[in-house]
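Novice: sequence-free structure coming up:
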């Protein structure tokens with residue numbers, strides 16, 4: 001559950017000629033999701049972390065949209081609440097629902113009318129930045145949550161998953177999630193993996209999934 005940023009940071013070369021670095025995994029997730037959202041959409045931040053994805057989503061779907069945010073840790077939920085309060089109005093904050101619960105409980109906690117209506121679901125696996133690094137997302141619950149998100153996506157809705165193979169358990173989780181996504185029927189979903197080819201194999205990467213329209 002890494003810190004999120006929604007821009008590509010400029011980099012300056014040794015000759016002082018400005019250029020732009022390629023997007024990180026988190027930045028790719030924002031590039032993929034952002035243009036697809038409209039005011040009024042319903043969306044999920046499945047791993048609150050410090051709230052950066054929740055803010056990113058809220059800025060695009062509020063007012064009149066809905067943001068549902070999940071995290072098992074009270075620290076993450078409170079930090080997300082604080083950061084949201086700095087970026088959205090009190091009225092808009094009422095349209096954000098924070099669940100201190102595992103994302104594998106989405107089908108239990110989301111309103112039933114959200115099924116088939118979610119325009120975006122964003123996952124950012126791993127551990128809470130600034131928190132206890134021993135508390136991490138787990139393969140079993142991560143897979144369960146991804147399966148629920150796939151079922152609840154709207155037609156043309158997207159899901160992004162940022163995976164971190166560098167920490168203990170991260171490689172196994174990333175491999176399991178990638179295998180699940182690779183097995184999806186191409187008539188119903190399209191899926192891509194985006195990441196660096198020449199960096200360490202532990203470098204985070206992004207998987208994006210789109211539910212295809214029924215008449216496509």
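Specialist: Sure, I can see it. None of these values were measured; they are calculated from a predicted model.
Novice: Can I take it that residue 23 is in a strand?
Specialist: No: Residue 23 is assigned coil when assessed by DSSP: H, G, I helix; E, B strand; the rest coil, not a strand.
Novice: pLDDT at it, what is it?
Specialist: In this prediction, residue 23 carries a pLDDT score of 94.
Novice: And the strands in the protein?
Specialist: Using DSSP state E, the strands of the chain run over 10-12, 18-20, 42-45, 66-71, 96-100, 118-124, 153-163, 189-194, 205-211.
Novice: any idea of the angle the fourth one forms with strand 96-100?
Specialist: Orientation of strand 66-71 against strand 96-100 (axes from the mean of the first three to the mean of the last three C-alpha atoms, to 10 degrees) gives an angle of 20 degrees.
Novice: Strand 66-71 pairs with which strands?
Specialist: Sheet pairing for strand 66-71, assigned by DSSP bridges, gives strand 42-45 (parallel), strand 96-100 (parallel).
Novice: List the contacts of the first one.
Specialist: Residues external to strand 42-45 that are found in contact with it (C-beta atoms under 8 Å, 6 or more residues apart in numbering): 37, 51, 53-54, 57, 61, 65-70, 106, 110, 114, 117-122, 149. Backbone N, C-alpha and C define where each C-beta goes, glycine included.
Novice: Identify, out of the strands of the chain, the most deeply packed stretch.
Specialist: Of all the strands of the chain, strand 42-45 has the most neighbours on average by mean count of other C-beta atoms under 10 Å, namely a mean of 28.
Novice: and that strand, how far from the chain's centre?
Specialist: 9 Å (C-alpha atoms, centre = their mean, to the nearest Å).
Novice: Local confidence estimate at the residue positioned nearest the centre of the chain?
Specialist: The centre of the chain sits closest to residue 122, judged by C-alpha atoms, centre = their mean, with a distance of 2.0 Å. Residue 122 is assigned a predicted lDDT (pLDDT) of 98.
Novice: Return the distance of residue 207 relative to residue 146.
Specialist: Going from residue 207 to residue 146 by C-beta to C-beta, to the nearest Å gives 9 Å.
Novice: which residues are common contacts for the two?
Specialist: Common neighbours of residue 207 and residue 146 (C-beta under 8 Å, 6+ apart) are 161, 177, 181.
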